[in-house]
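Enquirer: Predicted model and sequence below, questions to follow.
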Amino acid sequence: MGPLSFMTFFPILGAVVILFIPKGREDLMRWTAAAATLVPLIIATILLLQYNTSCIGVNDPKSFQFLERAEWIPGYNIFWYVGVDGISFPMVWLTTLLSFICIFASWGINKQVKGYMTMFLLLETGMLGTFIALDFFLFYVFWEIMLLPMYFLIGIWGGPRRIYAAIKFFLYTLAGSVLMLLAMIVLYQNTTDPVTGKHTFDMLTMMNQANQSDWLRHSGFFMGHGIRYVLWMALFIGFAIKVPVFPFHTWLPDAHVEAPTAISVILAGILLKMGTYGMLRFNFAIFPDATYYFANMIAILGVINILYGAFCAMAQTDLKKLVAYSSISHMGYVLLGMSALTPAGINGAVLQMFNHGTITAMLFLLVGVVYDRAHHREINGFGGIGAVVPRYMGMTAFAFFASLGLPGLSGFISEILVFMGSYQTWPLYTVISAFGIIITAAYLLWTIQRVFFGPLNEKYKALPEINGREMFTLVPLAIIIIILGIYPQPILNIISGPLNHLITIVKPGAMIAMNGF
Amino acid sequence: MNLLSTTDIIGSAGEWVLAFGFVFLLLWDVLAPRGDRSSLAYAASVLFVLAAGVSIVFSPNNVYFAGSFRVDPFAQFLKLFAAIAGVLCIWMSLPRFHNQGEYYLLMTAVVFGMFIIASAHDFIVLIVGLETVSVPSYILAGYYRSDHKSGEAALKYVLYGAVSIGMLLFGFSFLYGITGETNYSALRESLAVNGTGYELVAFVAMVLMVAGFGYKIAAVPFHFWCPDVYEGSPTPMTAFFSVAPKAAGLIALARFLVEAVPGVALVQFHWDILFWWIAVATMTLGNLGALPQTNLKRLLAYSSIAQAGYIFTLFTVNSPDGYSAMSFYLIAYLFMNLGAFAVVEFMERVYGSADISIYRGLGKRDPFLAVILSVFLFSLVGIPPLAGFVGKFLIFNALLQQNQTTLAVIAVLNTVVSLVYYIKIAREMFLADSDESKEVVPSHKGVTAILLTCAVPTFFLGIFFSPVVAWVNVAVSSFFSRI
C-alpha cells in the first residue's frame, strides 16, 4: 500500500477506532479524530517535500507521482488507480490541513460526538479519494461517498433549518452526479485501452483521443461535435452544481448557513474546489475541443458569479450568508481564469482555488467564533465590539483584507493573475468583473464597520476574547496567506507545469514554455 | 411416448424434492400435536436450500418433458434466488407465526411455483407455474382472517390476479393463432416464418400478455393492487411478495422474449415501444406514488414498483448485458429490500405499526437498527459503495450500450426523485428532534442475524461485484445459447 492509499484510508481507520470508544469519553474521541487527521497531514507534507515539480502529469501517466495501480473489478476494467499531479496535489494537501484544523474547530460540539467524528473522518476519506483518483469509476465512487456524511453533518449538527438545507444539498449534488454517471458510462463504452483492447475507466486513457471510438470523436450534430458537446455539458453541469455556478448555486447559502462551522469550512474550502478541479480534470483534459468551444460560456458564467455573488453578499445581514455569497463570487474568478486559457489565467485560477480555500476557511472559522459567543450572526446586531475583542477584530480584519485582495496577501496574487490572464482573452469580461473587486471591498469594509466600529452595543460589553484553541485553528491559515501573498512561487512551481501543458491540449496552436509564464 | 422418463426426473430433481418435501411437511403438520411449528419452519428452509442445491448439482442443462421444461444456469439462478428469498422470509416470519404450520406449507408451494416458472419452456407450463405461485399467495395475503385490511388485500390480489392471468392467456391466444404452438422453441421458429404480416396482431397480443406479466412484476398500469396488498398482508409476506414473485415475473418475461420469439420480434412488432412506455411509467409513477407515503409498508410498496421499473427498462434492449444487469440487480434488490423489510417487520412487531413516526429518533434509541436500515435505503437509492449502485450502474451501462439514452436519463432522474422519500426515513431516524418519551427498543437478537445476512452482501456486492457479475454473465450467456 502506497502513501496515497494509506493517507486516504487512515481517517476511516480512525473512525473505526472511535466507534469502539465508550460513551462518556468524548475527549478521547476528539483526540483520536485529531490523530486520524494529523497522520494524513504529515504524510501529505512529507510527499510535498518529495514532490518533483518538473513532472507534468495531466494526461501522461508516467509523470504522475506516487502512482498506485491495482486491479479492483476486472470484469469492467476498474482499477484502484491513484496518483497526483500539480493540479490535484495542492488540493490534497489543503484537504489534509483543513481537515486537521476542523477537528479543533469542532471541539465545542457536544451532541453525539462519536457520530460527528466518524462522519467527519469518512468525509475526509471521500475528499482525498476524489482528488487522487485516476480511474473515473473510482472518482465517482469517492465523489458520491462524500454526500452521505455531508448530509448527516449538516442535518444533525446544523442550525434551525438544517433538515431543509441538508436535503437540498443532497438533491442538487445527486442530480449533478447522476448526469456525470451517464457521461462516465458513455465514455467507458467509447474508450479502448490500447494495451488490452478492452473498454476502460482509466481517465488518462480517456484523455487520449486516439483511444476514443470514432462515434465519440466525430459523430452527431454540430459538425461532428454533438456527442462531445453533450457529454461535456453533462460533466460540466455535474461539476457546476458543486462549484456552484450561477443558476445552480441556491443550495450553497442554505447549506452554509445551517452547517456547523467546521463543515462550512470544509464545504467552502474543499468541496467547492472539487467542482473546478473536476472541470480541469475531465472537461478540459478529455474534451479539449468542447472546452475551447464553450470557453466563452464559462467566462460569462464566471462574470455572473463574480458580480451576482458580490451583490448578493452586499445585501446580506447574516454574517455567514455574506461569507457564503462571497464564496460564490470568488469561485467566479476561478471560472474566469480557467476560461481564459492563458497561462496567467489558469495558474491564477488554480492558485485562487487554493487561496480561497485558506481565506474562506478563516472567514468561516471567525464567523463561528463570534456565533459561539453571541449566538447570532446578525451584522447589524453587533456594533463597536472592536474595542472589546481587539484580537478577534485583528484576525477578522486580516481575513477580510485577504478576501478583498489586499496586496501582500495571497488573495491579491491569484486575483491579479486571473485578471492578467483573462484580459488577454476576454478584455470586456475582465473589465466588467473588475467591478466585482470594488463591490467586494465595499461589502467587506462595510461589514467591518458595522460589526466592530461605532457605538458599543451594551449587550456585548463582556464578549469573551478569542481563545487559544481558536487561534490555533486560525494562525496556520494566516501564515499561509501571508507567505503565499509575498512569495507564491512554491505553489506556482507545482501547478504551472501541468496547467501550461493543459492549455496546449485545449487551445489549438498554443506554444507555451513548460514552466513559468 | 414415454410420459415420465428417468432423464425427466433427473432434470426436474429440485422440483421433485420440493414436491415430496411439501407432502412430508403437510403430513407432519397434520399428524403432529398442536403447538410450536418452529422446527417445521426450519425444515422448510432446509428443504428450499436442498431443492435449489439439487437442481443446480444434479440436473444437467437440457430440455425435458418433451421440450417444455428447460434447465440452464439462468433457471438455476432463479431457483436459487427463490430459495434464498424463501429462507429469509421464513426466518423473518418465525417470531410471528411459530404455531402456524400451514403458513410454511403455503410458502413451500409458492417456491415450488417459482421453480416451475424458472424452467418453463412452454407457455402452458408457465401458466401452471404462475398459478402455483398465485393461489397460495392469495391465501398468504389474507392470512390475518380477522383483519379487514388483510381481507381486502387478499380479495384485491385474487381479482387482479384472475383478470391478469386471463388477459395473459387471451393475449397468448393470438400468438397461438398465428403459430399453432405453445412450446417456446417451436413458437420462435414458427413466428419467424409466419409472423410477417401479423405485426398488429402480435402487438395487441403483447399488450394483453404484458398485463399478465406486469401484474406479477407490479408494473404500471397493473400495479393498483400492489400498495394495498403490501399494506394489508403480514409484513414477512409483504417482504416476500416484493421480491420473489416480482423476480419470477421479470424472468418469465425475459425467458419468453429470448426463447419464444425471434430476436427481431421486439422491433418488428413494436414491443420495444410498449416496454419503453411501461418502464417509464413504472419508474416515474412508482417514485411519485412513494413521495407522500407515511406508512413504511406502503412506501416500500411504491418503492418496489419503481425498482421494478428500473429493471423493466432492460426489456427495451433485450440484450445479454441487459439480462446480466437484471440478474445482478435482482440479487442486490433481494438483499437490500428484504433487509429493509426485516427492520419494518421488527418495528411493527414491537410498536404495532409501520408508520414513519415510529422511527423518529431511532438513531438515538437504537443506533444499530437505524444505521443498518439506512444502509438498505441508501442502497435502494443507489449510492456507492453499496450493491444498489452497482446494479444501477450495470442497468445504465446496458441501456447506453443499445443507445437507449433517453430512457437512461429518465431512469437517473428518477433515482434523484427516489432519494427524497428514502431519505425521509433517514431524516426521521437521525435528524428529527427525537421524542425522548419513547423507550429504548427491546433487544432483537434474531433480527440482527437476518439483518447482517442482508447487510453483508449489500456491502460486499457494492465493493467486489466482479465474481457475481461473472456468474450472472455465465448464466445469461447460457440462456441466450439455444439448445
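Expert: Thanks, I have the structure now. Nothing here was measured: the structure is a model prediction, and the numbers come from that model.
Enquirer: For the closest residue to chain A within the stretch 251-400 of chain B, grab phi and psi.
Expert: Proximity to chain A, evaluated over the stretch 251-400 of chain B using CB to the nearest CB, is greatest for residue B:384 at 4.3 Å. Where you see a C-beta, it was placed from the backbone N, CA and C, and this is true even at glycine. For residue B:384, the backbone dihedrals (degrees, to the nearest 10) come out as phi -70, psi 160.
Enquirer: Excluding chain neighbours, what is closest to it?
Expert: residue A:141 (4.3 Å; CB to CB, 6 or more residues apart in numbering or on different chains).
Enquirer: Kindly report the same for residue A:164.
Expert: Per CB to CB, 6+ apart, closest to residue A:164 is residue A:254, 6.8 Å.
Enquirer: So which residues of chain A form strands?
Expert: Per DSSP state E, chain A carries strands over the ranges A:65-73, A:78-84.
Enquirer: what helix or strand is the residue of the stretch 301-450 of chain B found nearest chain A on?
Expert: Chain A sits closest to residue B:412 of the stretch 301-450 of chain B, with a gap of 3.8 Å, by CB to the nearest CB. Element membership of residue B:412 [criterion: DSSP states H and E] is helix B:405-426.
Enquirer: I'd like to check what contacts whichever helix or strand comes after that helix. Which residues are they?
Expert: Next in sequence after helix B:405-426, counting helices and strands by DSSP H and E, comes helix B:445-463. The contact list for helix B:445-463 (CB atoms under 8 Å, 6 or more residues apart in numbering or on different chains) reads B:88, B:91-92, B:94-95, B:328, B:331-332, B:335-336, B:338-339, B:342-343, B:345-346, B:368-369, B:372, B:375-376, B:379, B:384-390, B:468.
Enquirer: still on that earlier bit, now do the contacts for the residue of the stretch 301-450 of chain B closest to chain A.
Expert: A:178-179, A:181-182, B:396.
Enquirer: export the residues you listed to a markdown table and tack on neighbour count, distance to residue B:162 and pLDDT?
Expert: As requested, the contacts of residue B:412 are exported to a markdown table (neighbours: other CB atoms under 10 Å in any protein chain shown; distance: CB to CB, whole Å; pLDDT from 0 to 100):
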| residue | neighbour count | distance to residue B:162 | pLDDT |
| --- | --- | --- | --- |
| A:178 | 25 | 40 | 90 |
| A:179 | 21 | 44 | 89 |
| A:181 | 28 | 42 | 92 |
| A:182 | 23 | 41 | 91 |
| B:396 | 28 | 37 | 93 |
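Enquirer: measure residue B:347 to residue B:357 for me?
Expert: Distance, residue B:347 to residue B:357, using CB to CB, to the nearest Å: 11 Å.
Enquirer: Let me know the pLDDT of the closest residue to residue A:129 other than its chain neighbours.
Expert: Spatial nearest neighbour of residue A:129, excluding adjacent residues (CB to CB, 6+ apart): residue A:142 at 3.4 Å. Residue A:142 is assigned a predicted lDDT (pLDDT) of 93.
Enquirer: do residue A:204 as well
Expert: 87.
Enquirer: if you skip the residues just before and after it, what's nearest to it?
Expert: Nearest to residue A:204 is residue A:61, by CB to CB, 6+ apart, at 4.8 Å.
Enquirer: That neighbour is in contact with residue A:55, isn't it?
Expert: No. In this structure residue A:61 lies outside contact range of residue A:55 using CB atoms under 8 Å: 11.1 Å.
Enquirer: For residue A:3, which residues are in contact?
Expert: A:43, A:46-47, A:66 are the contacts of residue A:3 under CB under 8 Å, 6+ apart.
Enquirer: ok so, going back, how about the contacts of residue B:412 in a markdown table, adding distance to residue A:330?
Expert: Below are the contacts of residue B:412 laid out as a markdown table (distance: CB to CB, whole Å):
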| residue | distance to residue A:330 |
| --- | --- |
| A:178 | 28 |
| A:179 | 25 |
| A:181 | 29 |
| A:182 | 31 |
| B:396 | 35 |
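Enquirer: now, which of those residues lie within helices?
Expert: Among the contacts of residue B:412, the ones falling in helices (DSSP state H) are A:178-179, A:181-182, B:396.
Enquirer: how deep is residue B:39 tucked in, by neighbour count?
Expert: Using other CB atoms under 10 Å in any protein chain shown, residue B:39 has 12 other residues around it.
Enquirer: For the closest residue to residue A:91 other than its chain neighbours, give its distance to chain B.
Expert: Spatial nearest neighbour of residue A:91, excluding adjacent residues (CB to CB, 6+ apart): residue A:131 at 4.9 Å. Per CB to the nearest CB, to the nearest Å, residue A:131 is found 17 Å from chain B.
Enquirer: residues touching the residue nearest in space to the middle of chain A, list them.
Expert: When CA atoms, centre = their mean is applied to chain A, the residue found nearest the centroid is residue A:273 (2.1 Å). For residue A:273, the contacting residues are A:91, A:94, A:353, A:356-357, by CB under 8 Å, 6+ apart.
Enquirer: now the helices for the stretch 1-150 of chain A?
Expert: Secondary structure of the stretch 1-150 of chain A (DSSP state H, counting those that start in this stretch): helices located at A:3-19, A:26-50, A:89-105, A:113-132, A:136-145, A:147-157.
Enquirer: Now do the contacts for residue B:336.
Expert: Residue B:336 touches B:376, B:379-380, B:386-388, B:454, B:458, counting by CB under 8 Å, 6+ apart.
Enquirer: switch the cut-off to 6 Å
Expert: By CB atoms under 6 Å, 6 or more residues apart in numbering or on different chains, the contact set of residue B:336 is B:376, B:379-380, B:388, B:458.
Enquirer: ok, now residue A:190?
Expert: So residue A:190 contacts A:212-213, A:216 (CB under 6 Å, 6+ apart).
Enquirer: Run through these and flag the ones next to chain B.
Expert: With the criterion set as CB under 6 Å from any CB of the partner chain, no member of the contacts of residue A:190 is near chain B.
Enquirer: For these, give me CSV that also has neighbour count.
Expert: Below are the contacts of residue A:190 laid out as CSV (neighbours: other CB atoms under 10 Å in any protein chain shown):
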residue, neighbour count
A:212, 20
A:213, 14
A:216, 20
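Enquirer: Residue 134: neighbour count?
Expert: As the question left the chain open, I've gone with chain A. That count, for residue A:134 with other CB under 10 Å as the rule, works out to 26.
Enquirer: that's the wrong chain, I wanted chain B
Expert: Neighbours of residue B:134 using other CB under 10 Å come to 21.
Enquirer: And residue B:380, by the same measure?
Expert: 29.
Enquirer: This completes my enquiry, with thanks.
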